[in-house]
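>>> what follows is a protein structure lacking sequence information:
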C-alpha cells in the first residue's frame, strides 16, 4: 500500500472513530430537533444548553452560582406571584425575623427623623428598655459609625448581632446641652417581639391596658401579626382584661402570618362550624372545623382595613360568616393564598416560599385579589362600612404609635418616675394618656382622638350590650359593595396619576441631560429649606410671577419637601445676591413689598 493510501486510510479511520463516538449524541440531537419540529420543545434541555454555552464560550469567566440563582429567580418571577420567592442563605435570618418576630438585637422600634436614626420606643423588658433608651432619643452613632443619611435597614444590621455581644450608641436627648451626646452600652440579647397589645401602654404599671371601657366591660385587643404563639398571647391579653362582657379585635394593618394561629383564635369563639377550607391545584384540600368555643357568646367586633391580609382575613371572615362578629372598617386586602417554606437541601440555608393552595371562607368566597378581580377580601358587615381619608389614616397611625409607645421609668430627684416624652410629642402624649382622655366615649374617640373606625366599633358593642342587637354605626350607603369598589377605583386612578407625574418628571430630567447642559446647571436641589420642623398641618402658598397668590394649600403629610424636590422649583437666592426675590405679597398688597419668605408660609 502506498504512503498516500495509508494516509487516507488513517484519516478515514480517525474521522470514522469521531463520528461513531459522536453518533449517540448526534442521534439524540436529531431526535430532539424532530421533537421540536413536532411541537414538543424541551425547555429543560435548552436550559442546560444555555448554561453550557455560557460557561464554555462567554467572553469572560461567568459566576456560575450567580447564573443559577438568577435562573431560580426567573422561574419564581415567571409565576407572576409576588408571594412565591427564593430566599438566599444571606437573607434567611431577616426572613425568619419577619416571619416569627424573633431576633437577636437591642429590642427597639426605630425610625429615621431629619436624617438620623431615632428610637420610636423600646420593646417591653428588652435590652434597650433596661438600658434606659427613651422614645425620641436620636442615635448619632452605632459603635462609632454615624447614622446620618443611613437607611433604617442599614442601621438595623448594625444593631443586630450575636447574643452577649455589646454595641455602643451615642445618644442625643432632650435636656442635654447642644452638641453633647450620651454613650449607652447595650448587651444584645434574644428578642421575641410582642404581637398582641392593648389599646395603650400604661407606663406606670408597665403593662398593657386592655379595658377600653371598664364601666361596660369592653375589652380591646390589637393583633399586629400572626407570629408563632400569638394565640397564647391573645388569651393572656383577654385574661388581663378580667371579666370583659364584649370585645373589639383590631386587625387593621395586620399583614397576616401563620394560618394555624388564626384558626386557634377563631376556635375560641365557636364550638362548631367551618372556620376555613383550602384547595390546591388538584382540587384536594383541607377543612378546619371549630371545636372549642371557650369564650361563649361574648359580642365581638373585628376592625379591618385595606391593609388587613391573609390570616387577618381568616379571622374576620370566619367570625362574620358564622355570625359570631360584625366587621367594621373597609374591605380587606385580599390575600387568600397558603404558602409553605421548603428548604433547598443542596444549598444550606436556602429556602423556597411557595404558594400551594387558595383558602376559602365558610361562605365559599375566595378572597384572593387578582388584576381582574372586582370582588375580593372581607367586606365590612352591612351598615358598618367606615372609610378613612388619607389624612385620617395618617392621624390614626400617629395616634397608634403614641398609644403603644413604651417609656421606661427613670430616677428623678431620687424618685422612680415615668420618663417624659420629648418636646415634639408632649401634646399628643397628653391627649392619649392625660386626665382628659375619654377612651370609653365614642364621640371623644372620633372627634379628639380622630379615629372614626374605633369610634364606630365602640358604638357598636355598647349598643349591643344595651339592647341585645347590633345597630349599624357606619357610613349610610345605599349599596356598600359599589361604594367599596368606587373607593378602590379612585385610589388606583390617583396612583396612576401619581405615576404619570413621576414619569413626566423623569422624562424631563433625561431630556435635560441629553441636551448636554453644563455641569451644575439645572441640577435638582437636595434640600429646599433648613427648618427640620414637621410641616404636617401647615400651609403652602403659591404665587405667580407678579406676586399674586394663586393657591393656598393645606399640608397633610410630612413628605411635601420630598415631592417638591422633583418639581420645577428651587431655593431662592439669598437677599443681596443676584436675582434675590422680594417677599410674595398677601392678597391685595403690591408686588414690590420686600420680604424674607418668597414662597409664603410653610
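Arrived safely, thanks for sending. Since the model is a prediction, treat every value here as computed from it, not as a measurement.
>>> low-confidence ranges in this protein?
1-39, 410-419, 476-478, 516-527, 530-533, 558, 562, 565-566, 572-602 (pLDDT under 70).
>>> can you mark which positions in the longest strand seen in it are buried?
In terms of residue count, the longest strand belonging to the chain (DSSP state E) is strand 351-360. Residues of strand 351-360 classed as buried: 351-355, 357-360 (neighbour count, 16 or more other C-beta atoms under 10 Å). To be clear about C-beta, it is placed using only N, CA and C from the backbone, and glycine gets the same treatment.
>>> among those, which pair sits farthest apart?
Farthest pair in the buried residues of strand 351-360 (C-beta to C-beta) is 351 and 360. Separation: 26.8 Å.
>>> just after the longest strand of the chain, pick out the following helix or strand.
Following strand 351-360 in sequence order, the next helix or strand is helix 390-403 (DSSP states H and E).
>>> run through who's touching that following helix.
120-121, 199-201, 252, 305, 388, 425, 428-429, 431-432, 449-453, 536, 556-557 (C-beta atoms under 8 Å, 6 or more residues apart in numbering).
>>> now do stretch 144-158
The contact list for stretch 144-158, computed with C-beta under 8 Å, 6+ apart, reads 105, 110-112, 115-117, 139-143, 167-168.
>>> again, only this time at 6 Å
Residues outside stretch 144-158 that contact it (C-beta atoms under 6 Å, 6 or more residues apart in numbering): 112, 115-117, 139, 142.
>>> buried set for it?
Residues of stretch 144-158 classed as buried: 147, 150, 155-156, 158 (neighbour count, 16+ other C-beta under 10 Å).
>>> for that stretch, what is the distance to the chain centroid?
Distance of stretch 144-158 from the chain centroid (C-alpha atoms, centre = their mean, to the nearest Å) equals 19 Å.
>>> distance between the ends of that stretch?
End-to-end distance for stretch 144-158: 11 Å, by C-alpha to C-alpha, to the nearest Å.
>>> and for stretch 540-552?
Stretch 540-552 has its terminal residues 6 Å apart, counting by C-alpha to C-alpha.
>>> related to what we said a few turns ago, by neighbours, which of the contacts of stretch 144-158 wins?
Of all the contacts of stretch 144-158, residue 117 has the most neighbours under the rule other C-beta atoms under 10 Å, reaching 27 neighbours.
>>> which stretches of the stretch 501-602 of the chain form strands?
539-543, 549-554 (DSSP state E, counting those that start in this stretch).
>>> looking at those, which is buried most?
Across the strands of the stretch 501-602 of the chain, the average number of neighbours (mean count of other C-beta atoms under 10 Å) peaks for strand 539-543, which reaches a mean of 15.
>>> that strand pairs with which strands, and in what direction?
Counting by DSSP bridges, the strands paired with strand 539-543 are strand 549-554 (antiparallel).
>>> so how far is the partner strand off the chain centroid?
33 Å.
>>> swap in stretch 163-176?
Put simply, stretch 163-176 sits 27 Å off its chain's centre (C-alpha atoms, centre = their mean).
>>> how much space between residue 468 and residue 299?
Going from residue 468 to residue 299 by C-beta to C-beta, to the nearest Å gives 9 Å.
>>> residue 240 too?
Counting by C-beta to C-beta, the separation of residue 240 from residue 299 is 19 Å.
>>> more neighbours, those two?
Between residue 240 and residue 299, counted using other C-beta under 10 Å, residue 299 has the larger neighbour count: 20 against 17.
>>> residues touching the more buried one, list them.
Under the criterion of C-beta under 6 Å, 6+ apart, the neighbours of residue 299 are 246, 461, 464.
>>> show me what contacts the last one?
The contact partners of residue 464, taken as C-beta under 6 Å, 6+ apart, are 299, 470.
>>> switch the cut-off to 8 Å
So residue 464 contacts 246, 299, 470-471 (C-beta under 8 Å, 6+ apart).
>>> can I get the residues you listed in CSV including distance to residue 570 and secondary structure?
Output for the contacts of residue 464, formatted as CSV (distance: C-beta to C-beta, whole Å; DSSP: H, G, I helix; E, B strand; the rest coil):
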residue, distance to residue 570, secondary structure
246, 57, strand
299, 58, coil
470, 57, coil
471, 56, coil
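>>> for ChimeraX, what selects the buried ones among these?
Buried residues within these, by 16+ other C-beta under 10 Å, are selected in ChimeraX with:
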select :246,299,470
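>>> distance to residue 529 added to the contacts of residue 464, as JSON lines?
Listed next are the contacts of residue 464 as JSON lines, based on distance: C-beta to C-beta, whole Å:
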{"residue": "246", "distance to residue 529": "49"}
{"residue": "299", "distance to residue 529": "51"}
{"residue": "470", "distance to residue 529": "51"}
{"residue": "471", "distance to residue 529": "50"}
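>>> if we can go back for a sec, so of the contacts of stretch 144-158, which ones are in strands?
Counted as lying in strands by DSSP E, out of these, are 112, 116-117, 139, 142.
>>> and the strands in the stretch 101-250 of the chain?
102-105, 108-113, 116-122, 138-142, 145-146, 166-172, 182-187, 189-192, 196-197, 200-202, 207-209, 211-213, 218-223, 246-250.
>>> so which of those strands is nearest residue 49?
Closest to residue 49 of the strands of the stretch 101-250 of the chain, according to C-beta to C-beta: strand 102-105, at 43.4 Å.
>>> direction included, what does the closest one pair against?
Its sheet considered, strand 102-105 pairs with strand 189-192 (antiparallel) by DSSP bridges.
>>> what residues does the strand it pairs with touch?
Contacts to strand 189-192, defined as C-beta under 8 Å, 6+ apart, come from residues 101-107, 123, 126-127, 163-164.
>>> of all these, which two lie farthest apart?
For those, the maximum inter-member distance is 20.9 Å, found between 101 and 164 (C-beta to C-beta).
>>> more crowded one of these two?
Per other C-beta under 10 Å, whichever of residue 101 and residue 164 has more neighbours is residue 101, with 20 against 9.
>>> hang on, that one packs against residue 225?
Yes: contact criterion C-beta atoms under 8 Å: residue 101 and residue 225 qualify, at 6.6 Å.
>>> so what sits against both of those two?
Common neighbours of residue 101 and residue 225 (C-beta under 8 Å, 6+ apart) are residue 195.
>>> which residues are in contact with residue 252?
Contacts of residue 252 (C-beta under 8 Å, 6+ apart): 303-305, 307-308, 329, 396, 453.
>>> show the buried residues in those residues.
303-305, 308, 329, 396, 453.
>>> let's see which of the residues you listed end up in helices.
Taking DSSP state H as the definition of helices, the buried ones among the contacts of residue 252 contribute 396, 453.
>>> the buried ones among the contacts of residue 252 in strands, which ones?
Those of the buried ones among the contacts of residue 252 lying in strands (DSSP E): 303-304, 329.
>>> let's have these in JSON lines, adding distance to residue 323.
Shown next, in JSON lines, are these (distance: C-beta to C-beta, whole Å):
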{"residue": "303", "distance to residue 323": "18"}
{"residue": "304", "distance to residue 323": "17"}
{"residue": "329", "distance to residue 323": "18"}
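>>> just how off-centre is stretch 377-390 within its chain?
Mean C-alpha position of stretch 377-390 versus that of the full chain (C-alpha atoms, centre = their mean) differs by 21 Å.
>>> sorry, slip of the keys, the one I care about is stretch 116-133.
Computed by C-alpha atoms, centre = their mean, the chain-centroid distance of stretch 116-133 equals 21 Å.
>>> flag every buried residue along that stretch.
116-124, 126-129, 131-133.
>>> tell me the one of these nearest residue 220?
residue 124 (17.8 Å).
>>> which residues in the stretch 501-602 of the chain form helices?
With DSSP state H, counting those that start in this stretch, the ranges of helices along the stretch 501-602 of the chain come out as 560-564.
>>> quick revisit: out of the buried ones among the contacts of residue 252, who's nearest residue 258?
Of all the buried ones among the contacts of residue 252, residue 258 sits closest to residue 308, with 15.5 Å by C-beta to C-beta.
>>> ok, the closest one - contacts?
Residue 308 makes contacts with 251-254, 316, 329, 332-333, 378, as judged by C-beta under 8 Å, 6+ apart.
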